[in-house]
Structure formats: C-alpha cells, structure tokens
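Visitor: Output the structure for:
(3 chains)
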Amino acid sequence: MRGEQYLTKPQHFARVYGKGGSWASRYLVLRAFSKGLSLSRFGFSISRKVGNAVVRNRLKRWLREIMRAAPLKAGYDIVFIVRPAAAPLGYWDIRKGAMELLSRSRLLRAGRQPEAVVNVEADGEG
RNA sequence: CAAGUAGACCGGGUGACCGCUCCUUCGCAGGAGGGAGAGGAAAGUCCGAACUCCACCGGGCAGGAUGCUGGGUAACACCCAGGAGGGGUGACCCUACGGAAAGUGCAACAGAAACAUACCGUCCCGACUGUUGUCGGGAUAAGGGUGAAAUGGCGAGGUAAGAGCUCACCGCGGUCCCGGUGACGGGACCGGCAGGGCAAACCCCAUCCGGAGCAAGACCAAAUAGAGGGACAUAAGGACGCCCGGCCUGUCCCCGGGUUGGUCGCAUGAUUCUUCCAGUAAUGGAAGAACAAGAUAGAUGGUCACCGUCCCGACUUUGUCGGGAUACAGAAUUCGGCUUACAGGUCUGCUUGGCUC
RNA sequence: UGGGGAUUCGUCUAGCGGUAGGACAGCAGACUCUGGAUCUGCAUGGCCAGGUUCGAAUCCUGGAUCCCCAG
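Guide: From the prediction side, this is the model:
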C-alpha cells in the first residue's frame, strides 16, 4: 500500500463522512464513498480512547494488511473507525469484522462470497 | 536449605512465503538483485546541555533554582567517595543535612503558664482558733496534673523546704592543641546552663540563571493585491516583567491576500566495542576496530512449521499427550540524567538462622 | 513542542495548618385515608504514594486521570 492510497487531509475525511454510506458493528464503523476514479484510498481513524500507542498502531497495521489482501472494487474512498471495544481482539476477529462490513456494503468484487472471506486458511496457504 | 540484602544482566530463538520504509548496484524505462530496519525504559516530559534564531553590550530590581564536605562532568536538581544524624540482630538502608544569641510571625484544644507564669503542693514567720485548720506575709520549681512540646539528665552532698547552690559522669557553649584539603573527629582547660520548636512560614546568607524552541532555522519552486487603515519622531521597538546607561533601526498594531509542495537541518557522535594505563570510585587518557532505524498522518505487519520458558488437566512414575499464557511498551533534532511501568528468568558479593560433616 | 488549570459525599460546590460545612439526591420517622409538599433525624467524602509538622484537604516531592490555550 503506497502513499497515494492514504487519505491524509481533513477535507478528505469530511467528504467521506458527508457523502458516503455508513455500516457499523460493535467493534468497527465503515464509511465509504465512490469518487469514480480507478484508485482506491483508505483512512483509519482510531481514537486515543481505544488504547495506548502500541494498541492503536497495531490495529492500524492489521487493517492495512486486511485492505491489502481483500478483493475490493476500485475507486472508493474507505474510512474505518475503530471503536474502543475492539482493543482486546486479535487479528482474526478484526479481519472477520472488517470483511463482514465490506460484504454488507457490497464493496467486495463480484464472484466472491462472504463464505470465501471467512475461509481464511485457504487464502493463507495459496 | 530457608529468609534477607546489594549490584549487574536478559527481555524468546530458527527457517520459509507475501507485504512496508530507507540505502546501494544494474537498467532508457517498467523493474530486478543485495544490505539495513524500535527500547531498557524508545514512555512521562521532571532537570541539564548541544544546535538554531531573536542586531548587540553592561548594571540594578523583581522572579526562579540549588543548599553537609571533597571530587567527577560539556552541564545538571545527576554520579562517586567521605562526614554527621536516624533505622535495622546484621549484611545494609534512609536523610530538602546552611542560618532560630538579624528581624517579622505561628502554636487549635488542654493547661497556672507556650516568654516570665504559681493551680494543686512543700517549707518558714505572724495572727486567730484549739490540735485540726483558716487568714495574711514570704521562700521555692523537687513532686502532681495538662500537652506534641514545660526552661539540661541522673546520682550524691546540701537545705526550713528547695534549687547547677556545690561535686562526679553525660549533654551544651567557649578557648587552645593535635589529625584531616574539608565537612568533621580526638584531647585538655574553662564556663556553670544563658529558655525551647517550626525556615517543605515570611525571611537572611552563599552559588547559578537572557528568551524561544527542529512546527527552531536555511534554501528552491509555485501562487497572490498591499500606493489599505491607525499610532508615533521629545516617539516606538530591540524575543517573560520593571528601571537605567551605551548602541542600532522606520518601527509597531489592525485589516486584507497567497502557499499547505520539495530539499537541507537529519543520523560520524560529549558515538559504540576491546585492551592497557591513572584513580578507592564516579571518571579520565592512549591504542586498535566498527558505522548500527531515519518515517513525515508517520515504515518494523501477516501467515505457516519446529523449538524454548511457565501454568493447568489426563495417563502409573522418568516422561508423553492436550489446552492456555509468554510482560511493560513503539523511535520523530540529538545527547547526559531522573522518575514511573514491567510476565518470567540468569549471575555475583555479603548477612542472619537451621541442619550435616 | 511549550504553557495553564482541575480532582472534596451519588451530583454540584465552600473552606488557604487545628472536630470537613451547605444544597439536591438517598434512608428512617412525624403529618395524611394514600401520595406530594413540609418538619425532624441518620448515613455517606479529601485522586494515589511518600515526606515536613505535635497536627496536612491545605505545605513539599513523585505519579494518575481529565480539561483548556498557543504555534
């Protein structure tokens, strides 16, 4: 994931929050907005209430890894907001929650079912 | 063996695949190969510095910091060694540890009194009374009681009763001598107790301190609109505040407009390791070797396999199998410290107690 | 990066070395046929750890949490 794939400016986040859709679970909130370009951009919003610097940085790395591996449709600005309840979870719980939100928002590419997402072992061995 | 005490250290390991950041080699380019990639606290931001800017220099006030002595250091509120006081059977530990015979203040309640004071008492004399006291005058600080604290302690002499009133020992103060760089220690003589606590109350004394901070600051590129308004030439400003002297300068405030890109600063440094020398030590010196993260919303992540440590359960023990756990915590200009957090573990010195030889 | 402030009962607050007070809320009683209102009484507290002092919410040191300001 390269630098141009990050959402950096506050205006970018404001546009996603203002115009995009919203899907939420107990641990994560997904905001997404189609801007019609070929490149997708990602942002991760993790409050200081979630935990200390180690916890927040780890969650951000996990989400970045999940986004790298996920079969996403192109051309979206996607923002993940982490809720404080997600702090004690492990990588696979976060991945399961994130993929569930992505499938609910229909951001995954056609031909892949949510069951395929849960079946992560096949992905790792390939 | 158990308990304790002081110090030093580790902070899971190996391999494979997919990713991230930087450096480097090759290539016109897409890209390919190679190398490096979090800590003992990176943390809190509590001190001290380096570095950079604020044209500049000096003096005073205010303010702040430190506070036994000697040493180390670029510097420090840090470190080492020592002294004194306190705690512990001991190894050892703790200490904001200058000044209360400069001044101002504070001490609730209790108590007679918390600065000069006699409540209960003790003793002497006189009067009245009549054998027990009352009243008046005086002496006294030994005893009681209050309190956190009561005007040196204890013993003997002494006395009407007492009292450093006198004496011995201890404490305190002073002078001299000796040892030590010094804090201080030891000894002799003298004084004869002269009120005590609090300075993390104000304060006094000694020493030190200009301010801001890498978003410091320098450069490149791009973009835009300064004939804007106000204050002041006996002025204003000169980077916390006030005053003074020199020196410098068209200076300050308000309103409006542009940029939110890149490069440097920025990784060779009070650096790290080894050996030797000086020093009780902190530390310093010399020689040799090494180069060891550098992001910019912020790189160190994911998966798999095997092993290590600890805990739990099952099986008949050595052991095997299954499950779980593996801390605190993430570099952001850089160093020296301090403080705080930390699963589990290793090593060394010493002390006390028990057992055995 | 630099600076400032706060923490006292369940909640909001006062007290600047000497028994921690008030309001609302809570509980009990009185009043009432019952409830409300009113009256009386009760219980409940110093963010944490050390230190100075005879004595600390107050003074000092270290830490924790929260809030605010400037660039």
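Visitor: so the most centrally placed residue in chain A bridges to which residues?
Guide: In chain A, the centroid-proximal residue (CA atoms, centre = their mean) is residue A:80; its distance is 4.8 Å. Counting by DSSP bridges, residue A:80 is bridged to residue A:30, residue A:44.
Visitor: Report all helices and strands that the longest helix along chain A contacts.
Guide: Longest helix in chain A by number of residues (criterion: DSSP state H): helix A:53-69. With contacts taken as 3 or more CB pairs under 8 Å, 6 or more residues apart in numbering; DSSP states H and E, helix A:53-69 sits against strand A:41-46, strand A:76-82, helix A:91-104. Backbone N, C-alpha and C define where each C-beta goes, glycine included.
Visitor: Just the buried residues of the last one, please?
Guide: If I follow you right, that is helix A:91-104. Across helix A:91-104, burial judged by 16 or more other CB atoms under 10 Å covers A:94, A:95, A:96, A:97, A:98, A:99, A:100, A:101, A:102, A:103.
Visitor: okay, these in a markdown table with pLDDT and distance to RNA strand B next?
Guide: Shown next, in a markdown table, are those (pLDDT from 0 to 100; distance: CB to the nearest atom of the strand, whole Å):
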| residue | pLDDT | distance to RNA strand B |
| --- | --- | --- |
| A:94 | 87 | 9 |
| A:95 | 87 | 8 |
| A:96 | 87 | 12 |
| A:97 | 88 | 14 |
| A:98 | 89 | 13 |
| A:99 | 88 | 13 |
| A:100 | 88 | 17 |
| A:101 | 89 | 19 |
| A:102 | 88 | 17 |
| A:103 | 88 | 19 |
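Visitor: picking up where we left off before, unless I'm misreading it, the residue nearest to the centre of chain A sits right up against residue A:60, doesn't it?
Guide: No. Counting by CB atoms under 8 Å, residue A:80 sits too far from residue A:60 to count as a contact (9.1 Å).
Visitor: so what's in contact with the two at the same time?
Guide: Jointly contacting residue A:80 and residue A:60 under the rule CB atoms under 8 Å, 6 or more residues apart in numbering are residue A:44.
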